[in-house]
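In: Predicted model, plus sequence, below.
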Protein chains: 2
Amino acid sequence: MTATPIRLLLADDHPIVRAGLRAVLETEDGIEVVAEAATAEAAVARAAEGDIDVVLMDLQFGKGMNGAEATAAITARPGAPRVLIVTTYDTDADTLPAIEAGATGYLLKDAPPEDLAAAVRTAAAGRTTLAPTVADRLMNRLRTPGTALTRRETEVLTLVAEGLSNQAIGNRLHLTEGTVKSHLARVYTKLGVDSRTAAVATATDLGLIRR
Amino acid sequence: MTATPIRLLLADDHPIVRAGLRAVLETEDGIEVVAEAATAEAAVARAAEGDIDVVLMDLQFGKGMNGAEATAAITARPGAPRVLIVTTYDTDADTLPAIEAGATGYLLKDAPPEDLAAAVRTAAAGRTTLAPTVADRLMNRLRTPGTALTRRETEVLTLVAEGLSNQAIGNRLHLTEGTVKSHLARVYTKLGVDSRTAAVATATDLGLIRR
DNA sequence: CGCGGATTCCACCTTTTGATGGAGGCTGCG
DNA sequence: CGCAGCCTCCATCAAAAGGTGGAATCCGCG
């Protein structure tokens, strides 16, 4: 069974988390941690050297490239390793870019160690593992496409979240204030709220905008 | 030197982080991990049993009591262990309540393992260790007390960030709408803004409120 | 005890925002 | 082509929010 162990690269900016992943996975048969990376850039470089089957990738790094960008860079190459996201957050704003970038799976850091090992093996086989909350979110998204904001609506709402007035947003986007109001009115009905601050709050919760 | 080892309790809802802390600290002379807790409530209960010198406490737990509340509960008892906060975030909204609750130190999870061990020893001796960014923030706060929001102002602004109207905030806090306006007006001048959404945006940037 | 800061409340007035109901132009697609 | 969805703009009215200037209470602290 352990003829060819699964070779892992741990990419996380927290030494403590790397140590934890190593401790949890090292005891597993057929899994071998062969490298660590403290930055997304280092992870991409190490993955390019080959010799890796699965990358455990965090999404947030203190500085520089983020995990989703690194995932895209890694999976773009032929014969690339699988990338399994292991992170703390599970909002749309995190999960969707990561999945688009070609991640093979998405786990949360509060997952029990057994799930982690199982997900690594699943990823090595090229199949997908999603954390339950992430799976739920994706299903809901597919079931209720009406909630989706259009590009323009998202753009306007993002500026609202930065604290701009309708007037200022109009200037920034070369629109009249009335048009900004129109967009926002539609955003409010889609989100089921009735004020700009409430819209920002729920959109942030739903991960529709980032902050 | 190792006559009486420092006895540790690890409180964090992520098994991976607990494993990482254990792995990092276990190799240190004179430090012994004697218990783990996956919830804040369990940490309080275990600390009450005695036998613990230092608690490593996360601030965010998935459900129930948070780390600051648990810290207050633990340090309230006579002969209580020291509490060293080890978390990912370093905003005012996190650090200030934790320090008020009686934490002996505040470290970030991206700290190198050596710093962690050193902080544990410092905490056991009853002295304080602060992560550099946290120390900076506190110094700035002492230098510019004008920017500091009062407890009530922060409370009101937090509800604003959740999307509530002045009226709704008044009801929630048992205030008149006029009083809410008064608080917000002072918040606006302190932050140099002129709208609720702008206040939320800059307060979030400054780490005055959490989101 | 007196002071300053925090908290609570008030009134009046201006500006911004939201609700409603259209309307015309553009684009992609069956 | 014709429809659907998106984007743009408009006017009008009602409701929040913000600006200003007080004012009274409470509390910790020197």
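Out: Cool, the structure landed. Numbering: from 1, shown residues only, chains lettered A, B, ... in the order given.
In: Would you mind listing what in chain A touches DNA strand D?
Out: A:150-153, A:170, A:173, A:175-176, A:178-179, A:181-183, A:195, A:197 (Cβ under 7 Å from any atom of the strand). For every residue, glycine as well, the C-beta is placed using N, CA and C.
In: Run through the residues you listed and flag the ones next to DNA strand C.
Out: Among the residues of chain A next to DNA strand D, DNA strand C is touched by A:Lys181, A:Ser182, A:Ser195, A:Thr197 when using Cβ under 7 Å from any atom of the strand.
In: out of those, which are inside helices?
Out: Among these, the members falling in helices are A:Lys181, A:Ser182, A:Thr197 (criterion: DSSP state H).
In: ok, so of the residues you listed, who is nearest A:Val120?
Out: A:Thr197 (42.3 Å; Cβ to Cβ).
In: since we're on the closest residue in space to the closest one that isn't next to it in sequence, how many residues are nearby?
Out: Excluding its sequence neighbours, the residue lying closest to A:Thr197 (Cβ to Cβ, 6 or more residues apart in numbering or on different chains) is B:Gly163, at 4.7 Å. B:Gly163 sits with 23 neighbouring residues when counted by other Cβ atoms under 10 Å in any protein chain shown.
In: Also the one 5 residues further on?
Out: Look at B:Ala168: counted by other Cβ under 10 Å, it has 17 neighbours.
In: hmm, the helix or strand hosting it in reach of chain A?
Out: Using DSSP states H and E, the element containing B:Ala168 is helix B:166-173. No: using Cβ under 8 Å from any Cβ of the partner chain, helix B:166-173 never reaches chain A; the gap is at least 9.7 Å.
In: Within the helices and strands, which one has A:Glu32?
Out: A:Glu32 belongs to strand A:31-37, assigned by DSSP H and E.
In: How far off centre is the helix or strand in which A:Ile74 is found?
Out: Applying DSSP H and E as the criterion places A:Ile74 in helix A:67-75. Between the centre of helix A:67-75 and the centre of its chain there are 11 Å (Cα atoms, centre = their mean, to the nearest Å).
In: So that helix, near chain B or not?
Out: No: judged by Cβ under 8 Å from any Cβ, helix A:67-75 stays clear of chain B, getting no closer than 14.7 Å.
In: the inter-axis angle of that helix versus strand A:31-37?
Out: 110 degrees (axes from the mean of the first three to the mean of the last three Cα atoms, to 10 degrees).
In: Which residues does the helix or strand following helix A:67-75 contact?
Out: Sequence order places strand A:82-87 as the next helix or strand after helix A:67-75, per DSSP H and E. Outside of strand A:82-87, the residues within contact range by Cβ atoms under 8 Å, 6 or more residues apart in numbering or on different chains are A:12, A:21, A:53-60, A:67, A:71, A:74-75, A:94, A:98, A:101-109, A:111, A:116, A:119-120, A:123-124, A:126, A:129, B:16.
In: Likewise for stretch A:115-126?
Out: Counting by Cβ under 8 Å, 6+ apart, A:6, A:8, A:21, A:24-25, A:28, A:30-31, A:53-54, A:56, A:82-84, A:86, A:104-105, A:107, A:111, A:128-129, B:16 sit against stretch A:115-126.
In: picking that back up, list the helices and strands the helix holding A:Ile74 packs on?
Out: helix A:40-48, strand A:54-57, strand A:82-87, helix A:92-100 (3 or more Cβ pairs under 8 Å, 6 or more residues apart in numbering or on different chains; DSSP states H and E).
In: chain center to the third one, what's the gap?
Out: Okay, so that is strand A:82-87. On Cα atoms, centre = their mean, the centre of strand A:82-87 falls 9 Å from that of its chain.
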